[in-house]
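# For reference, the sequence and a predicted model appear below.
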Amino acid sequence: MERERYYQQCGERSGSGEAGSARQFVTDLVQRQRLNVGDINQYYDMWVGLQSESAGYVHHHLTKTMRNISLGLGFLFNHQWEEMGKTGRTKRATFQKRLQRWNEEYKGQLVLTHEEGLMLKDAAAVVNVAYDPGGAENTPANRKKRTFVFADLAGMPPATPTVVDAGK
């Protein structure tokens, strides 16, 4: 029963695999959070926790969308964390470790689709952080607005390719 309610809240019907709109899912979450938003730290933690808790309960594409948005929020909040003293430094270091964990899968950069960029814009607006995802056209300028390079953050080593020796 609890799992069925979770699926319904996440835009699916009883775990049947019928996914709701990822955009609608994020919109609903953003609307709910507007009522009880703490600071950016609490809001960011909510997104990280949501992505983590949803793994295995909702479709992979929704879990990945939530992860992409939470990573995007980390990039957007990074500059504010720099100005928050010890708490901000701790949050920033934790975010950098999270990027290191995902570095290989993302090949050193988070590239959002236009739809994910719009979702990130809505999510960031909840805590009054502006973000421009660019237009729907797949131009280099628009892609650049939706690309977050892991190594751009201080303390992050550049992405290195994994070399596998097929002879062993």
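Now that the structure is in, tell me what you want to look at. Numbers count the residues shown, from 1 in each chain.
# residue boundaries of the helices in the chain?
For the chain, the helices defined by DSSP state H cover 2-9, 22-34, 40-54, 60-82, 85-106, 114-125, 140-145.
# mind checking which of the ones you listed is nearest residue 133?
Evaluated with Cβ to Cβ, those place helix 114-125 nearest to residue 133, the distance being 2.6 Å. Glycine gets a C-beta too; all of them are placed from N, C-alpha and C.
# Can you spell out which helices and strands pack onto that closest one?
helix 22-34, helix 60-82 (3 or more Cβ pairs under 8 Å, 6 or more residues apart in numbering; DSSP states H and E).
# Identify, out of those, the most deeply packed stretch.
helix 60-82 (a mean of 20; mean count of other Cβ atoms under 10 Å).
# Quick one: work out the angle between that one and helix 114-125.
In terms of direction (axes from the mean of the first three to the mean of the last three Cα atoms, to 10 degrees), helix 60-82 departs from helix 114-125 by 40 degrees.
# so what's residue 80 up against?
Residue 80 is in contact with 40, 88, 129, counting by Cβ atoms under 8 Å, 6 or more residues apart in numbering.
# And it, how far from residue 74?
11 Å (Cβ to Cβ, to the nearest Å).
# ok, now residue 136?
Residue 136 is 24 Å from residue 74, by Cβ to Cβ.
# again with residue 23
Relative to residue 74, and taking Cβ to Cβ, residue 23 is found at 21 Å.
# rewinding a little: export the helices and strands packed on helix 114-125 to CSV and tack on distance to residue 96 and mean pLDDT?
Formatted as CSV, the helices and strands packed on helix 114-125 follow (distance: least, Cβ to Cβ, whole Å; pLDDT from 0 to 100):
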stretch, distance to residue 96, mean pLDDT
helix 22-34, 25, 66
helix 60-82, 9, 92
